[in-house]
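> below is the structure, and that's it, no one-letter string:
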């Protein structure tokens with residue numbers, strides 16, 4: 001697959017993940033689900049740094065366009081690069097580390113998100129769903145990578 005086609009598909013997926021986060025998870029649920037952070041953990045585990053940064057730059061641009069804010073969200077690409085550096089090549093299957101990072105990022109997100117619920121209540125509601133999404137996306141993308149290599 002050519003690089004342009006691959007990066008276009010990653011950008012399209014970033015748009016779909018962002019649209020799902022904004023339209024469904026933030027509107028119809030009272031759970032602090034952050035699909036973008038879960039995708040960051042999965043992309044860092046499975047894809048190389050260039051593909052990871054294509055996903056993150058598209059998601060960051062979409063987030064900036066949605067919020068009409070002049071402040072650049074600098075921590076998302078930095079977080080992506082740091083997670084990619086922590087995933088080592090010695091791990092044959094980084095699923096547990098991917099789930100751990102999605103849970104950790106979700107806990108940090110719940111801490112920064114101001115809501116009427118208490119922090120532990122938000123954590124108890126959101127962590128199982130974020131971990132479930134991380135596992136589903138991990139196996140989905142891993143199967144896509146395996147079929148792409150054949």
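Structure's in. What do you need? All values derive from a computational prediction rather than experimental measurement.
> list the helices and strands the longest helix along the chain packs on?
Counting residues, the longest helix in the chain under DSSP state H turns out to be helix 119-149. On a contact count with 3 or more CB pairs under 8 Å, 6 or more residues apart in numbering; DSSP states H and E, helix 119-149 meets helix 35-46, helix 95-112. C-betas here are computed from N, CA, C, even on glycine.
> what residues sit buried inside that helix?
By 16 or more other CB atoms under 10 Å, the buried positions in helix 119-149 come out as 122-123, 125-127, 129-131, 133-135, 137-138, 141-142.
> from the residues you listed, which two are the most distant?
Greatest spacing in the buried residues of helix 119-149, by CB to CB: 122 and 142 (29.5 Å).
> picking up where we left off before, for the helices and strands packed on helix 119-149, state which one has the densest average packing.
Mean neighbours per residue, mean count of other CB atoms under 10 Å, is largest over the helices and strands packed on helix 119-149 for helix 35-46, with a mean of 25.
> the next helix or strand after that helix vs helix 35-46, what angle?
Where DSSP states H and E defines the elements, the next helix or strand beyond helix 35-46 is helix 49-67. Calculated by axes from the mean of the first three to the mean of the last three CA atoms, to 10 degrees, helix 49-67 forms an angle of 170 degrees with helix 35-46.
> what residues does helix 49-67 touch?
6-7, 10-11, 13-15, 17-18, 22, 36, 39-40, 43-44, 47, 72-73, 76-77, 80-81, 84 (CB atoms under 8 Å, 6 or more residues apart in numbering).
> how about stretch 22-29?
By CB under 8 Å, 6+ apart, stretch 22-29 touches 31, 33-35, 66.
> point out where this structure drops to low pLDDT.
Low-confidence segments of the chain (pLDDT under 70): 1, 32, 67-74, 88-91, 114-116, 148-150.
> spatially central residue in it, please.
The C-alpha lying nearest the average C-alpha coordinate of the chain belongs to residue 39 (CA atoms, centre = their mean; 2.1 Å).
> OK, contacts around the nearest residue to that one once chain neighbours are set aside?
Nearest non-adjacent residue to residue 39, counting by CB to CB, 6 or more residues apart in numbering: residue 17, 5.3 Å away. Taking CB under 8 Å, 6+ apart as the criterion, residue 17 is in contact with 35-36, 39, 59.
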